[in-house]
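# Quick one: sequence plus predicted model below, questions after.
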Amino acid sequence: MTDAAFDVVVIGAGHNGLACASYLARGGRKVLVLEAADRPGGLAATREFAAGFRVSAAAHLLTMLDAGVARDLGLEGHGLEFAARNLKTVALADNGERVVFEDGAIGGVSAKDQAAFAEFRRQNRRFAKVLAGFCSRPSPRLVDRRKSDTLALARLAWDVRSLGRADMRELLRVGAINIYDVAQEKFESALLKAAVSMDAVLGSHMGPRSPNTVYSYLHRHMNDDAGAAGPAVVKGGMGALGEAFAAAAEAAGAEVRYGSRAVRIDLSEPSSNEACRAAGVTLADGTRIETGLVVSNADLKTTFRMVGPLNLDAGFVRRVHSFRARGVTAKLHLALDGLPEFHGGDAGDAGARLLLASSMDDIESAFDHAKYGRFSPVPVMEISIPTVYDASLAPDGKQVLSALVQYAPYDLKEGWDAGRETFKAICLQRLEAVAPGIGESVRASELLTPPDLEAEFGVRGGHWHHGEIALDQALFTRPVPGANRYATPVRGLYLCGASSHPGGGILGLAGRNAARAVLAGEDSG
Amino acid sequence: MKKYDAIVIGAGHNGLCNAAYLAKSGLDVLVLERNPYIGGASVTRELHPGWKYTNCSYVCSLLRPEISRDLELARHGLQVIPYHGGVTFTRDGDHFGNYPDAERVYREIARHSLRDANAHDRFETDVMKQTRLIRKFLMSTPPDPTSLRPRDLRGLLEFASAFTEMGEEGLLDTIRFWTMSIGDFLDEYFETDVIKAHMSGSGIIGTALGVYSPGTAYVLLHHYMGEVDGSIGAWGFARGGMGSVADALAASFQSFGGEIVCDADVHRVIVERGRVRGVALANGREYRANVVVSNLDPKRTFLQCFDAGDLPAEVVRRARNFKIRGSSGKLNIALDGLPTFNGIAPESPLMRNDMHCIDSLERLERAYDDWKAGTWSEDPYIDMLIPTTVDPSMAPPGKHMMTIFVQYCPPTLASGPWTPEARDAFGQTVIDQVAEHSPNFKDLILDCEVRTPHELEDEVGLTEGNIFHGELTFDQLLFNRPFPGCAQYRGPLRGFYLCGSGTHPGGGVMAAPGANAAREILMDLKRPDVIPASYPDD
C-alpha cells in the first residue's frame, strides 16, 4: 500500500468518470480525477465550430440518462437545465411522406400499424424494464458464484419469468435476432420500419439485417419505462451536462484536475506470489501521482495501452485487441442563416428529432458500403436543431443544425483527408433533397469523422459507445472476459467507462456500478 | 379400412428414421412419399445415363453414430468413407491446402503466415470445446425455459450444469461464440485472407447470413459437430451417394415391418374433434391413424397440409413468420475426365476434398450482399467435390462426377420468379468461376444439372429451397425451433408431431430430429423408449 494523498485516481472526466468519482467520494474516499482536456464531460461536450455557433460535439440529444444517477448526484441542482424535453420524432421519407412519434403515439401510418406499434412499444417497455434492472447492477459471475451473484441471477430469472409466458417466449425468440425481421413481421409502413431500425443501428457498425439489432434497440430504449418518454435538449449543449457532473463530483469532495493527460498506469513490482497491481498514474508532463487504486474512464484499448501489453497476460491482450470498437458515425454541424423548411412537413418539424431514412433496405445498403471501408453514397441521419429551443447557441436569428450521419467508417479506404469534403458534400446533397434551399443558408460547416472523435476525445476507434454494443460484447461479457465486472487482471485497476457494462449512451450506470465494485473491493477473479 | 398406428408424411432421412424407431417399438407404421422415389434431400438419382447424381445433400458427417449403429445401417448397406480437409484456390494462382495431416497443415499455413500457423491449434481447440458442448444436446429434446414442468426444469438444470462445467471464463467465451459472427471470430485468430475465407465457409452454408452477421459462428458449429468413425468434425462420402443413407434407413424400417408408399402426395391431414385421424392424398385416397408425423418443413406442414380452420390462429401466424429463406443452389456435373486445378497435382490428396474458389472474407460478404439485393452472387461461394475420386461407383470407368454447392442464390429474383434462362445464367456464373482455376474444366463437361432454390422446392419440397428447413438463427434454434410452443416435436393438435429438420437440432443429414421425435411419440403413447441415448464423447 502507498501513503498517497489520494485513495483513488480516476482517469478521465467523462460523465461516467465523474459519476464514479462522486460515488467514491461519497463513500469516503479521497478522489482525484485527471482530465486531459480543459473542461469536463468527455464526449458530452459543447463545441464552437464557427464564430458564435456552438453545438453538442458528439451526442446531441439526451435520451437515456439514468434517473437514479441524476437524482443521486443532484444534477439539476448543479446546473443541468433542459431547453426542451420529450421531443417528438419525425421520420422523413424522400417522397415527402412522414411518420410522427409523439408521446408514445404515432401518426402518419395506417390504423393497423398504429395498433401494431402500440403493442410493440408496450411489449418493449416491459422487456426494457428487465434490461434496465440488469444494467443497474454489475453483471453477476456465472460459475464461480458468490451469494450476491446467485441472488442477482435469481433476480434476473424472476424478472424474466414475471413477464409471463407469452412475453418471455417473445423475448427469448427475438432477443438475439435482427430488427429487420421483427419489423417485417409487425409493420406495414416502410417508413415506420425504417424509423424503428434507426433506433437499433444508430452509433453501431450494424445494419437493420444484422442479428443483434433487436438488442441494440432495447438498449437504446432501456429507460423508456422509467419516464424518459422522448429525447431532451440540454440547455447550453451537452457540455453543460458534463459541467453538472463535474460540479456534482466536486461537491461530493472529489478534486478534478484539467489539462492533465494520463499516459501511463504505473504498476508495483510484482512480488513472487502476487499479480502486479496498480501503483499510480504518470502524466504527459512526467508528473507521477501515487495511489493504490486507479479507475479508468478511458475506453478499454486506451486503458490497457497505458498499462502496456508486456505487463499483461497474452490471452488478455488478445481479447483487448479483438474488442470491436471501430466507429461508423460522423457528426455534421451546420451554421445556418435561418430555419430550414422540410418538405412535406409542418413548421414544428424543425424542433423535432428528425430521422432521414426512407426504408430498411436504404439503411442496409447505406451500411453495406461501410463494411468495405467506404462511406455511404446515400447516408442516413438523425437531425436536431437545438437553436429552436436554445438561442444562446447561435448569434441572433441564426440556427445550428446537428446531425448524426451513418455510415462513415473509421478506416475509410481512401483516407478521411481525401474523403472528408466529398462526404460532406454528399451529406449536404442529402439534406437539400428534404429541405430544399438549405444549402444556400449554410454559413459554415464541420464534419467530425470517427478519427476526429478519436483525436479530439481520446476514444480509440472513435466509437460512440467505446465499443460495439453487440451481444458478444454486452451484458455478461462486456467488454471482455476477465474485465467484465469493472475489476481487471491488474489488481487495483478498474474500468468505469462505456466499454464496461452496460455500455454507451449517456447513462451514468457504468460509473455508478464501477464505484460500487471499487468500494466493495471486487477483484477480477 | 386398415388403420395404422402411425403415419409419417415424407420419406426423407428424418421421416424414415422416425418411422424406423416407431416400427422398432412394435407400432404399425406407414410412410407416405410424394415422389416416385424415397430419400427427400438425401437422394441419389441417375439423371445422366451412367452417372449417379447426389443432387441435394452431398456429403455425410452429421448422421448420428448412435442411430447408425442402433438401426444397423451398415448391415443395411451404408458405408461412409471419411475424408479430411479441403483446398481454397486464390486468384493469384496459389492455393491454401487444409491437409488431413496436422504437421502438413502447419507447414501449409506457415507458408502463408507463421502467426496463423501458431494460432491454428488454439482455433481448433476452441472450436472443439464448443462442439463438445453442443453435441451433448443433439439427441435430446430441448427443455422449454418458460415451463415449470419437472421434466423441463430438469432439462434446464442439465443444460446449465453442462455450461458451468466450462468454468467462468469458458462460459463467457461460449456466450461470445454463440453470439458473434464467423468473420469476427476468425479475425481473433488469423490474419491471412485465404485462411479466414477457407475456415469461414461452414459458417454460412445454407444460411441467408453473411460472414459478418452475428450468429454465424454458431452455424460453423453446425458443420463441425458431426463425426465419421469416431473422428469428430470429420466428413465422409456415403458410398453410392447420399441416397444410400435413405436406402439404409428404409431397409432398416422395413426390417421392422414398416410400409412405404411412394407417389402418395398428402393433400391434407384429417382432423376430427381437435385431434388428427389420418391423412387424405391428392388423389382422394385416405389413410387412417391416430398419430401423424410430418417430415416436411414447418411452413409446408402447417400452411399446406391443414385446413387453416383446424389450427389455432397463433400457429398459422407463427408458421407464416417462420424464416425459411432459401439461399443455396447446386450444380451436378458429369465430367469426361478428371479436371486439373492450378497449382495442385491430380494425385494430390486435396483433389479428394472440398474445394473452394473464394479467397477473402470481403468477397464472401459481397456474395451475401448480392443475395440481399435479390440476385444470385456474381462471385459466389462454392463448395465443390469430385466424389468419384473416392467412390468410382458414381460414374462410368475413367469418368467423373462433380457436385458444386453454391451460396448465395435467392428463392426468387428481384426481377421476378426464376426462368430457365436465369437458371442457366446462374449456372454459367458458377462454371466460369471454377474455370478460372481449372483450365480444362469447361471442355470436360458432358452434362450439367443446375438447381436453384426453385428446383429444390419443386422437386424435393423444401420451401424456398432452404436446405435446413428453416434458418439457423437464434429465434429458430433449440427451444425456439421451429417456434415457441411447438419446439418439443409436438404439433398443436393431439396426435400430431413434427420430425423434420425444422425441429431441434436442425438440418444436415443428422437424423437426430427423427429420433428425438420418435422418443416423444413413444412417451405419449406410453411405450418403452427404444431410442439410443447420446454417446459420451470420451
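Everything's here; your move.
# Tell me the residues on the stretch 201-350 of chain A that lie near chain B, please.
Within the stretch 201-350 of chain A, the residues that sit near chain B (Cβ under 8 Å from any Cβ of the partner chain) are A:Arg209, A:Ser210, A:Pro211, A:Asn212, A:Arg318, A:Ser322, A:Arg324. The C-beta positions use only the backbone N, C-alpha and C, and glycine is treated the same way.
# and chain B, which of its residues are near chain A?
So chain B meets chain A at B:145-146, B:163-164, B:166-169, B:171-173, B:175-177, B:179-180, B:184, B:187-188, B:209, B:212-215, B:321, B:323, B:362, B:365-366, B:369, B:372, B:473-475, B:479-480, B:483-485 (Cβ under 8 Å from any Cβ).
# Which among those residues count as buried?
Among the residues of chain B next to chain A, those buried by neighbour count (16 or more other Cβ atoms under 10 Å in any protein chain shown) are B:145-146, B:163, B:166, B:168, B:171-173, B:175-177, B:179-180, B:184, B:187-188, B:209, B:212-215, B:321, B:323, B:362, B:365-366, B:369, B:372, B:473-475, B:479-480, B:483-485.
# re earlier: ok, and the most crowded of the residues of the stretch 201-350 of chain A next to chain B?
Counting by other Cβ atoms under 10 Å in any protein chain shown, A:Asn212 has the largest number of neighbours within those, with 29 neighbours.
# OK, contacts around that residue?
The neighbourhood of A:Asn212, defined by Cβ atoms under 8 Å, 6 or more residues apart in numbering or on different chains, consists of A:Ala176, A:Ile177, A:Asn178, A:Met206, A:Ala470, A:Leu471, B:Thr179, B:Pro214, B:Gly215.
# 6 Å instead, please
Neighbouring residues of A:Asn212 by Cβ atoms under 6 Å, 6 or more residues apart in numbering or on different chains: A:Ala470, A:Leu471, B:Pro214.
# got those residues as TSV, with distance to A:Gly17 columns?
As requested, the contacts of A:Asn212 are exported to TSV (distance: Cβ to Cβ, whole Å):
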residue	distance to A:Gly17
A:Ala470	24
A:Leu471	26
B:Pro214	30
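# and which of those residues is nearest to B:Ser61?
B:Pro214 (25.2 Å; Cβ to Cβ).
# in a helix, that's where that closest one is, yeah?
No: going by DSSP: H, G, I helix; E, B strand; the rest coil, the assignment for B:Pro214 is coil, not a helix.
# and B:Ala280, how many neighbours?
By other Cβ under 10 Å, the residues close to B:Ala280 number 15.
# Three-state assignment for B:Gly326, please.
Per three-state DSSP, B:Gly326 ends up coil.
# Now do the contacts for it.
Going by Cβ under 6 Å, 6+ apart, B:Gly326 touches B:Pro411, B:Pro453, B:Glu464, B:Gly465, B:Asn466.
# got it, and B:Val31?
B:Val31 neighbours (Cβ under 6 Å, 6+ apart): B:Val8, B:Ala11, B:Ala19, B:Ile260.
# Could you dump the contacts of B:Gly326 into CSV and include neighbour count?
Shown next, in CSV, are the contacts of B:Gly326 (neighbours: other Cβ atoms under 10 Å in any protein chain shown):
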residue, neighbour count
B:Pro411, 24
B:Pro453, 27
B:Glu464, 20
B:Gly465, 28
B:Asn466, 28
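# can you tell me which of those residues are in helices?
Among these, the residues falling in helices (DSSP state H) are B:Pro453.
# Based on its surroundings, how many neighbours for the nearest residue to B:Gly40 once chain neighbours are set aside?
Once flanking residues are discounted, B:Gly40 sits nearest to B:Gly12: 2.6 Å by Cβ to Cβ, 6 or more residues apart in numbering or on different chains. Neighbours of B:Gly12 under the rule other Cβ under 10 Å: 34.
# hey, where'd the strands end up in the stretch 201-350 of chain B?
Taking DSSP state E, counting those that start in this stretch as the test, the strands found in the stretch 201-350 of chain B are B:227-228, B:231-232, B:235-238, B:259-261, B:266-272, B:275-281, B:286-294, B:328-335.
# Thanks a lot, see you next time.
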